[in-house]
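Peer 1: Okay, sequence plus prediction incoming.
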Amino acid sequence: MAAYDAIIIGAGPGGYVCAIRCAQLGLNVAVVEGRETLGGTCLNIGCIPSKALLHASHSYHEVHENFEKMGLMGGAPTVDWSKMQAYKQDVVGQNTKGIEFLFKKNKITWIKGWASIPEAGKVRVGDEVHEAKNIVIATGSEPSSLPGVTVDEVRVVTSTGALTLAEIPRTMVVIGAGVIGLEMGSIYARLGTQVTVVEYLDAITPGMDAEVAKAFQKILVKQGFKFILGAAVQSVTKGKTGATVTWKLKKDDSEASLAADTVLVATGRKPYTQGLGLEGLGVEMGPSGTVKTDDHFRTSIPGLYAIGDAIAGPMLAHKAEDEGMALAEIMAGKHGHVNYGVIPSVIYTTPEVANVGVTEEQLKAEGRAYKAGKFPFMGNARAKAVFQAEGFVKILTDAATDRILGAHIIGPQAGDLIHEICVAMEFGASAQDLALTCHAHPTWSEAVREAALACGDGAIHA
Ligand SMILES: Cc1cc2nc3c(=O)[nH]c(=O)nc-3n(C[C@H](O)[C@H](O)[C@H](O)COP(=O)(O)OP(=O)(O)OC[C@H]3O[C@@H](n4cnc5c(N)ncnc54)[C@H](O)[C@@H]3O)c2cc1C
């Protein structure tokens, strides 16, 4: 029986980052992970494999759509799906091995197996019970399905099955027009699959700035996506070769069905805390299966903390990481804090979509006086050179102070461009601060500066 300053349950981005920071701060730390490899959902079946397939399918699309325009001639490549899968797994392997290396480097103990918490201060893994001053629940999340829909991960799949389909389907119905559904749909649409998205709400990407969501939907339609919005899925019936999705349109109650080789259920994720024994411990739970925590990540049991997808807030890897770092500081007797007002969110389609801070709809609902500065990528030289002049940057500022309140980008490298605005927001910067900062030419970042200029006297190239 070993005694640790902290035992972290789960080696996803929340857990492994928390462990590394604990070690850096001089704590004796162990991580329990039930999966064979480190890195959690993110590295094994989430962010990383999906981005590998997005990259591969985007490259395929580029060769077919844009190479000839640039005078790059020659036989267009075909897809070897098993090789593409092997490439994806290699990327996953490199990353999970990387975390193993970091564990060794930081002298973090990896306890292999599934953990439960028999009593405060104790963690059971198999027959062994380990003691710790602090225990951290970083057990993440799992896909949530629809009532009555049975997932077999072959024909009716979640994102996990969609990452490892036996072959590229001819047709796919995606249930849910959120981030995961649209990213996975993009992968297959670029590889030739006819993708139809069925969404309960009347718009895609719920919660996103409405102007961006509309522009995004238009672009995806041009890419071949079909959307059925305002549709409540009634059933998914498996056949011999595929499955049939039946929905009811909310506007007139009319029913319709579509058969497809593959049905992807992308209706969100729910916290995963099974087997931990939280009920027996009397841990207070929050809504939707989350572990309830205060703003120092404390649960209702002293010495027991929780972070990441298992608690409230956006289910994002970087949110989990930030919580992991902040909690390590707290457990080491320092100050840890996460600014939930400046957590970017990115969709890695082409074009990318990125957001931070408030939306225009939120500002209107609050009745707050604001300015919106917009700049289209059509006016950005670099974007035109790479055939990605669709989309725009929109910066929202306080009308009186010019302080940046939010930003919404749809366009090339939006997921990287957003961080300039995150830093500006952390420093309480105004749009003028960004507008007065010299930006290298020709870069996509110039579009951010131009949007900041548009909050004042006007953009130059619009
Ligand atoms: C397809 C897909 C794409 C995504 N893309 C992105 C993206 O691009 N960007 C982004 O920010 N987010 C993305 N996400 C979300 C991201 O993966 C999660 O927000 C993130 O992984 C949460 O981190 P976590 O540490 O809280 O939990 P997880 O990463 O889920 O890790 C939890 C770990 O705990 C382990 N565990 C659970 N219970 C126990 C137990 N009792 N004992 C031992 N081990 C246990 C699990 O095996 C797991 O490895 C994506 C998710 C999916 C599914």
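Peer 2: Looks like it arrived, so ask away.

Peer 1: a helix runs through Q89, doesn't it?
Peer 2: Yes. Using DSSP: H, G, I helix; E, B strand; the rest coil, the assignment for Q89 is a helix.

Peer 1: ok, it - how many residues close by?
Peer 2: Residues lying near Q89 (other C-beta atoms under 10 Å) number 15. No exception for glycine: its C-beta is placed from N, CA and C like everyone else's.

Peer 1: Please tell me the pLDDT value assigned to it.
Peer 2: Predicted confidence (pLDDT) for Q89: 98.

Peer 1: Could I get the contacting residues of it?
Peer 2: P49 (C-beta atoms under 8 Å, 6 or more residues apart in numbering).

Peer 1: Let's verify the nearest residue to A326 once chain neighbours are set aside: helix, strand, or coil?
Peer 2: Nearest residue to A326, sequence neighbours excluded (C-beta to C-beta, 6 or more residues apart in numbering): G336, at 3.2 Å. Three-state call for G336 (three-state DSSP): coil.

Peer 1: Now do the contacts for G336.
Peer 2: By C-beta under 8 Å, 6+ apart, the neighbours of G336 are 296, 325-330.

Peer 1: Could you check how many residues crowd around the residue in the stretch 301-450 of the chain that the ligand sits nearest to?
Peer 2: When distances are taken as C-beta to the nearest ligand atom, the stretch 301-450 of the chain reaches nearest to the ligand at G308, 2.2 Å away. Using other C-beta under 10 Å, G308 has 35 neighbouring residues.

Peer 1: ditto for T246
Peer 2: 15.

Peer 1: which SSE is it in?
Peer 2: strand 243-249 (DSSP states H and E).

Peer 1: circling back to that earlier point, what pLDDT does the model give the residue of the stretch 301-450 of the chain closest to the ligand?
Peer 2: Taking G308 on its own, its pLDDT is 98.

Peer 1: can you check A2 too?
Peer 2: So A2 comes in at 53 (pLDDT).

Peer 1: can you check the one 5 residues further on too?
Peer 2: With respect to pLDDT, I7 scores 98.

Peer 1: same thing with the one 5 residues further on?
Peer 2: Confidence per residue is given as pLDDT, and for G12 that number is 98.

Peer 1: returning to that earlier point: and the residue nearest to A326, backbone torsions?
Peer 2: Dihedral pair for G336: phi -120, psi 140, per degrees, to the nearest 10.

Peer 1: Walking through the stretch 251-400 of the chain, point out its helices one by one.
Peer 2: Counting by DSSP state H, counting those that start in this stretch, the stretch 251-400 of the chain has these helices, from start to end: 278-281, 317-331, 360-366, 381-385.

Peer 1: okay if I get the ones you listed as CSV plus mean neighbour count, distance to D416 and mean pLDDT?
Peer 2: Shown next, in CSV, are those (neighbours: other C-beta atoms under 10 Å; distance: least, C-beta to C-beta, whole Å; pLDDT from 0 to 100):
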stretch, mean neighbour count, distance to D416, mean pLDDT
helix 278-281, 14, 38, 96
helix 317-331, 23, 13, 98
helix 360-366, 14, 23, 97
helix 381-385, 16, 13, 96
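
Peer 1: any chance of these in TSV, with distance to the ligand too?
Peer 2: Shown next, in TSV, are the helices of the stretch 251-400 of the chain (distance: least, C-beta to the nearest ligand atom, whole Å):
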stretch	distance to the ligand
helix 278-281	10
helix 317-331	4
helix 360-366	21
helix 381-385	22
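
Peer 1: Mind checking those for the one nearest to D261?
Peer 2: With C-beta to C-beta as the measure, helix 317-331 is the member of those nearest D261 (30.1 Å).

Peer 1: Show me the shaky parts of the stretch 351-462 of the chain.
Peer 2: Within the stretch 351-462 of the chain, no stretch falls below the threshold (pLDDT under 70).

Peer 1: Near the ligand, which residues of the stretch 251-400 of the chain? Just list them.
Peer 2: 272, 275-276, 308-310, 315-318, 320, 348 (C-beta under 6 Å from any ligand atom).

Peer 1: what about 5 Å?
Peer 2: 308-309, 315-317, 320 (C-beta under 5 Å from any ligand atom).

Peer 1: Same check on the stretch 101-250 of the chain?
Peer 2: Residues of the stretch 101-250 of the chain lying close to the ligand by C-beta under 5 Å from any ligand atom are 114-115, 138-140, 159, 180.

Peer 1: excluding its backbone neighbours, what's nearest the residue nearest to the spatial centre of the chain?
Peer 2: Nearest to the mean C-alpha position of the chain, by C-alpha atoms, centre = their mean, lies L316 at 4.8 Å. Nearest non-adjacent residue to L316, counting by C-beta to C-beta, 6+ apart: S345, 6.2 Å away.

Peer 1: next one: V342
Peer 2: In space, V342 is closest to M425, 4.9 Å off (C-beta to C-beta, 6+ apart).

Peer 1: Other residues contacting the host helix or strand of the one you found?
Peer 2: Using DSSP H and E, M425 sits within helix 414-426. Helix 414-426 is contacted from outside by 339, 341-342, 344, 346, 348, 351-357, 391, 393, 395, 404-405, 407, 409, 411, 433-434, 444-445, 447-448, using C-beta under 8 Å, 6+ apart.

Peer 1: The residue of the stretch 301-450 of the chain closest to the ligand: what's it in contact with?
Peer 2: Contacts of G308 by C-beta under 8 Å, 6+ apart are 10, 12-15, 138-140, 319-320, 323-324.

Peer 1: ok, back up a step: closest to the ligand out of the residues of the stretch 101-250 of the chain next to the ligand?
Peer 2: G140 (2.0 Å).

Peer 1: Relative to K218, how far out is the closest one?
Peer 2: Look at G140 and K218: by C-beta to C-beta, to the nearest Å, they are 34 Å apart.

Peer 1: State the pLDDT value of A76.
Peer 2: Per the predicted model, pLDDT is 84 at A76.

Peer 1: That one: what's it in contact with?
Peer 2: A76 neighbours (C-beta under 8 Å, 6+ apart): 63-64, 67.

Peer 1: what's the closest of these to the ligand?
Peer 2: For the contacts of A76, the nearest to the ligand is V63 (24.1 Å; C-beta to the nearest ligand atom).

Peer 1: Any idea how many residues pack against the closest one?
Peer 2: 15.

Peer 1: Where do the strands of the stretch 1-150 of the chain begin and end?
Peer 2: Taking DSSP state E, counting those that start in this stretch as the test, the strands found in the stretch 1-150 of the chain are 3-9, 29-33, 109-112, 115-116, 122-125, 128-137, 141-143.
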